[in-house]
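# the sequence and its predicted three-dimensional model are supplied below.
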Amino acid sequence: MEQQQRTIGGYLKSNWFWLTVNLASSIPLILLIWDFAQDTLSVDPINAINNRTGRAAIVILLLSLACTPVNTVFGFRKALTVRKALGLWAFFYAGLHLFNFVGLDYFFDVNLILQDAVLKKPYILAGLGALLILLPLAITSTRSWMRRLGRNWKRLHRTVYAAGGLAVLHFFWQAKAAERIEPLLYALALALLLILRIPALRRAIVKMRTQWLGNRSQPALEHR
C-alpha cells in the first residue's frame, strides 16, 4: 500500500502540468453538460452549443500552437509535453461543433448543407476545411505513426497552422460585423505565433534568453 502511494505520488509530481492542462481543457465540456442537464443553456440551446464548442476548439488550438513559442521565449519545456494533448482536445471540440451543426442544426440534411455552404454560408467550407486538416493530425499523433512517417510526420503536422487560419476565417465570416473583434484577436494571436516560428527569430530569442539567464546567474556565482 505504501509503495503504491509512493508510485501515485511520484506520477502526480512528474505529470502535474499535463494533468492540470487536461483537466482545464475538459472544463468547457463539463460546463456544457451541466448547463444542458440543468436546462440553462439559453433560449437557443443549439446556438449556445455551437458557440461554446467552436470557441473552445479555436482557443485550445491556439494554445497548442503556443507551446513551442512558449518554450522558445521562456524556456518552459513542460509546455512541449502538452502540445499533443491540447491538439487532441481542439479536434474533439471541433468534432462536437460539427456534429451539433450537422445533426442538431441541419438534421443531417446533406443537400441543404451543401447548398448553404456554396451559395449562402462560405464559412461552412472554411470550418470543414479546418476539421479535415485536423483529422489526419489527430490520427497520426501517436508514436507509432511518428516512426512510420519519419520526417514526413513534421511536414504533415505543420499543416496545423493552415487549420488555425481556416478556423479563424470560419469564425470571422460567421460573426456579425459588430462581433468581429474576437476573431480578429485570434487572427492576431495566430500571426504572432507564426512570426515566432521564423528560424532566424527563434535563434535570436534563444540566444538572448540564454545570455540573460547567464547574466542573472553570474552575480550569484561571484558572490559564492
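Yes, it's here.
# immediately after the host helix or strand of W16, which helix or strand?
Assigned by DSSP states H and E, W16 belongs to helix 2-38. Under the assignment DSSP H and E, the closest C-terminal helix or strand after helix 2-38 is helix 45-74.
# so what's the gap between the helix or strand encompassing K154 and the chain middle?
Using DSSP H and E, K154 sits within helix 151-157. On the basis of Cα atoms, centre = their mean, to the nearest Å, helix 151-157 sits 18 Å off its chain's mean C-alpha point.
# go on, stretch 13-33?
Distance, centroid of stretch 13-33 to centroid of chain: 13 Å (Cα atoms, centre = their mean).
# can you show me the CA trace of it as PDB?
Output of stretch 13-33 as PDB, limited to C-alpha atoms (Å, rounded to 0.1, in the frame of the first residue of the first chain):
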ATOM      1  CA  LYS A  13       4.600  15.000  -9.100                       C
ATOM      2  CA  SER A  14       6.100  14.400 -12.500                       C
ATOM      3  CA  ASN A  15       2.900  14.800 -14.600                       C
ATOM      4  CA  TRP A  16       1.100  17.600 -12.700                       C
ATOM      5  CA  PHE A  17       1.300  20.100 -15.500                       C
ATOM      6  CA  TRP A  18       0.000  17.600 -18.100                       C
ATOM      7  CA  LEU A  19      -2.900  16.600 -15.800                       C
ATOM      8  CA  THR A  20      -3.700  20.200 -15.000                       C
ATOM      9  CA  VAL A  21      -3.900  21.200 -18.700                       C
ATOM     10  CA  ASN A  22      -6.100  18.200 -19.500                       C
ATOM     11  CA  LEU A  23      -8.400  19.000 -16.600                       C
ATOM     12  CA  ALA A  24      -8.600  22.600 -17.600                       C
ATOM     13  CA  SER A  25      -9.400  21.600 -21.200                       C
ATOM     14  CA  SER A  26     -12.300  19.400 -20.000                       C
ATOM     15  CA  ILE A  27     -13.900  22.300 -18.200                       C
ATOM     16  CA  PRO A  28     -15.900  23.700 -21.200                       C
ATOM     17  CA  LEU A  29     -17.300  20.200 -21.800                       C
ATOM     18  CA  ILE A  30     -18.200  19.800 -18.100                       C
ATOM     19  CA  LEU A  31     -19.900  23.100 -18.000                       C
ATOM     20  CA  LEU A  32     -21.800  22.400 -21.300                       C
ATOM     21  CA  ILE A  33     -23.100  19.100 -19.900                       C
END
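# list the buried ones in that stretch?
21, 25, 28-29, 32 (16 or more other Cβ atoms under 10 Å). Glycine gets a C-beta too; all of them are placed from N, C-alpha and C.
# so V21 sits right up against K84, yeah?
No: contact criterion Cβ atoms under 8 Å: V21 and K84 do not qualify, at 10.8 Å.
# and the nearest residue to P122 once chain neighbours are set aside, how many neighbours?
Spatial nearest neighbour of P122, chain neighbours left out: W173 (6.2 Å); criterion: Cβ to Cβ, 6 or more residues apart in numbering. Residues near W173, counting by other Cβ atoms under 10 Å, number 16.
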